[in-house]
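I would like to see how this sequence folds:
(one chain, ligands or ions: 1)
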Amino acid sequence: MQRNFITFNEDLKSLFNIDDQNIHIDGYEHVGDEIIINLSRERQLSKCPVCGELTDKVHDYYTRTINHGVFNNRKCFIRYKQRRYRCDCGKRFSLPNQFVEKYNKISTNSKWSVIKEAILVSSFKDMGKRLNMSSTTVRRIFNMYCKQSRKSLPRVLSIDEFKGNSGGYKYNLSLCDPSNRKIIDILPCRYKDYLHHYFSKFSSEELNNVEVITMDMYHTYYDICKEFFPNATIVIDTFHFVRLVTNAAKKIRIRIMKKFNRTDKEYKVLKSRWRLFNTKPENISNDWKFDKRTKQWTSDSYLLDYMRNIHPELATARELLESFYEIVHSSTYPDVYSKISSWIIESKKSNIGEYREAALSIERWLPEIVNSFMINPDTNTKYTSSFIEGSNNYIKVIKRTSYGFRCFNTFRNKILYHHNNSRHVVSA
Ligand SMILES: [Zn+2]
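Next up, the predicted model:
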């Protein structure tokens, strides 16, 4: 097919992504591993931005070099011969164009590449290498065009902190909507003053819409929820209150273990099979296996019995742990209050310090723990923080691939932008 020069020029423009009717490609050249595209614009009668008169008097020309990303693995630059007009009123001006903004050294197309690439989990440094820019430029463009605003508060809200180390705070905070699997916002810290300041900006209508809040046993969250969310039922996540009991069992095991010498069999079993002591009964295997290290036949249930018999407190600890697992596994909202209450009494009676402590904490949070046995009509399951825990793991991946974020706002934008735009599903 024959092509005249005009369509050839248009083809070139579309190939190089230069979307501006008034611009011509005068040619392009290869210099080393770079492509330089020479652009110009026809002289025309132009309107003075000050007095509105038309003029085509040329004041001067100057050449702008503009970063245009990467084309076929080559760094690509635009060399634009920009014309400055002169008006009789004294004003000197240039006409705007669509491939680069005023005073910019990066083309609009290059900026788009940053916005598109930012969806990938990758560091600004790597993006910069791919896009022929410094990481600072990538970060600047990202923060300028990918700024994320918070979402409105959902019916069910999850609050949890994660180790962020960003913005000078050890913990950052995430707010999630577990029913719709969305991250609502990321906050720099979990301090009460900050949370107070943050939530006081919400309208009372929005705050009143929140019906359930899942969280861990952190008093600041509780106080904030009580202050700002008059209609919300507070739910302590199962994982967090079960951990109180499993931690108590762990502390007892370690305390008893330390009464023995390192060479004693009791010490070795309590040390090496630590996980077994806290395993749920349904996961304890009866299968006999040959242990190469001790050169003996053994099974998990046999070893657990052995541990129980080392010390009466270990037997009681295991018994209380198993009964707690059973309560969590099989209770329903109407009967859980009495079941946990009896468990608290039993634990206090045991006279084991670690369990007394756990029982007191559970007693203190009992109404909120009981609430965790309610059924969420949206999902037909119990209210848990599993979505937010999953999203915190996802944030960890972003943090790792980005070599950390010193600037909290960039970190926040990156998490929200990525989460809002990728098809990535956070596992619950
Ligand atoms: Zn003028």
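
so for residue 11, what's the pLDDT?
pLDDT for residue 11: 87.

same thing with the one 10 residues further on?
Model confidence at residue 21, expressed as pLDDT, equals 86.

helix, strand, or coil at it?
Here residue 21 is recorded as coil under DSSP: H, G, I helix; E, B strand; the rest coil.

can you report how many residues neighbour it?
Using other C-beta atoms under 10 Å, residue 21 has 8 other residues around it. To be clear about C-beta, it is placed using only N, CA and C from the backbone, and glycine gets the same treatment.

got it, and the one 10 residues further on?
Residues within reach of residue 31, counting by other C-beta under 10 Å, total 10.

then the one 4 residues further on?
Residue 35 is surrounded by 19 other residues when neighbours are defined as other C-beta under 10 Å.

which bits of this protein sit near the ion?
By C-beta under 5 Å from the ion, the residues of the chain that approach the ion are 48, 50, 51, 87, 89, 91.

most surrounded residue in those?
Per-residue neighbour counts (other C-beta under 10 Å) across the residues of the chain next to the ion peak at residue 87, which has 20 neighbours.

and stretch 358-370, how far from the chain's centre?
30 Å (C-alpha atoms, centre = their mean, to the nearest Å).

no no, stretch 308-324
From the chain centre to the centre of stretch 308-324 is a distance of 39 Å (C-alpha atoms, centre = their mean).

for residue 155, which non-adjacent residue is closest in space?
Distance criterion C-beta to C-beta, 6 or more residues apart in numbering; nearest residue to residue 155, sequence neighbours excluded, is residue 211 at 5.1 Å.

can I assume that neighbour is in contact with residue 179?
No: in this structure, residue 211 is not within contact of residue 179 by C-beta atoms under 8 Å, at 10.7 Å.

and residue 36, what are its bridge partners?
Beta-bridge partners of residue 36, counted by DSSP bridges, are residue 29, residue 77.

re the thing from before, out of residue 211 and residue 179, which sits in the more crowded spot?
Set residue 211 next to residue 179 and count neighbours by other C-beta under 10 Å: residue 179 wins out with 18 against 13.

my guess is the more buried one contacts residue 376. True?
Yes: with contact defined as C-beta under 8 Å, residue 179 and residue 376 form a contacting pair (7.0 Å).

which residues are common contacts for these two?
Common neighbours of residue 179 and residue 376 (criterion: C-beta atoms under 8 Å, 6 or more residues apart in numbering): residue 156.

what about the residue of the chain positioned farthest from its centre, which helix or strand?
For the chain, the residue at maximal distance from the C-alpha centroid (C-alpha atoms, centre = their mean) is residue 88, at 57.4 Å. Residue 88 is part of no helix or strand when elements are defined by DSSP states H and E.

quick one: it and residue 52 touch, right?
No: applying C-beta under 8 Å as the test, residue 88 and residue 52 come out as separate, 11.7 Å apart.

could you check how far residue 260 is from residue 107?
71 Å (C-beta to C-beta, to the nearest Å).

those two: who's more crowded?
Neighbour count, other C-beta under 10 Å: between residue 260 and residue 107, residue 107 has more, with 24 against 17.

check contacts around the more buried one.
66, 67, 68, 69, 78, 99, 100.

rerun that using 10 Å as the cut-off
Residues near residue 107 by C-beta atoms under 10 Å, 6 or more residues apart in numbering: 16-18, 66-69, 76-78, 80, 98-101, 113.

for residue 400, grab the count of nearby residues.
Other residues lying near residue 400 total 11 when counted by other C-beta under 10 Å.

circling back to that earlier point, surely the residue farthest from the centre of the chain touches residue 51?
Yes: if you go by C-beta atoms under 10 Å, residue 88 and residue 51 touch, sitting 8.1 Å apart.

so where's this structure uncertain?
1-6, 403-404, 422-428 (pLDDT under 70).

domain assignment for it?
Here the domain parsing of the chain from automatic domain parsing is 5-105, 156-237+378-421, 239-371.

comparing the ones you listed, which comes out most buried?
Mean neighbours per residue, mean count of other C-beta atoms under 10 Å, is largest over the domains of the chain for domain 156-237+378-421, with a mean of 18.

can you show me the strands along the stretch 151-300 of the chain?
156-163, 171-177, 182-187, 212-215, 233-236, 289-291, 296-298 (DSSP state E, counting those that start in this stretch).

relative to the ion, which residue of the stretch 201-350 of the chain is the closest?
Residue of the stretch 201-350 of the chain nearest the ion, by C-beta to the ion: residue 201 (46.3 Å).

quick one: contacts for that residue?
Residue 201 is in contact with residue 150, counting by C-beta under 10 Å, 6+ apart.

what of the one 3 residues further on?
For residue 204, the contacting residues are 228, 230, taking C-beta under 10 Å, 6+ apart as the criterion.

what of the one 3 residues further on?
For residue 207, the set of contacting residues under the criterion of C-beta under 10 Å, 6+ apart consists of 153, 199, 200, 227, 228, 229, 230, 231, 232.

how does it look with 7 Å?
Residue 207 makes contacts with 153, 228, 229, as judged by C-beta atoms under 7 Å, 6 or more residues apart in numbering.

residue contacts, the nearest residue to the last one once chain neighbours are set aside?
Closest residue to residue 229 apart from its sequence neighbours, by C-beta to C-beta, 6+ apart: residue 210 at 4.9 Å. Under the criterion of C-beta under 7 Å, 6+ apart, the contact partners of residue 210 comprise 153, 155, 157, 229, 231, 232.

my read: the fifth one touches residue 205, true?
No: Residue 231 lies out of contact with residue 205 (C-beta atoms under 7 Å); the separation is 11.1 Å.

where does the residue of the stretch 101-250 of the chain found nearest the ion land in three-state SS?
Using C-beta to the ion, the closest approach of the stretch 101-250 of the chain to the ion is made by residue 102 at 18.4 Å. Following three-state DSSP, residue 102 is assigned to coil.

next, it: phi, psi?
Backbone torsions for residue 102, taken as degrees, to the nearest 10, come to phi -50, psi 140.

now the closest residue to it other than its chain neighbours: how far from residue 41?
The shortest distance from residue 102 to any residue other than its chain neighbours is 6.7 Å, reached at residue 96 (C-beta to C-beta, 6+ apart). Distance of residue 96 to residue 41, computed by C-beta to C-beta: 11 Å.

then residue 27?
Distance, residue 27 to residue 41, using C-beta to C-beta: 15 Å.

repeat that for residue 409.
According to C-beta to C-beta, residue 409 stands 38 Å off from residue 41.

what strand or helix carries residue 11?
Applying DSSP H and E as the criterion places residue 11 in helix 5-15.
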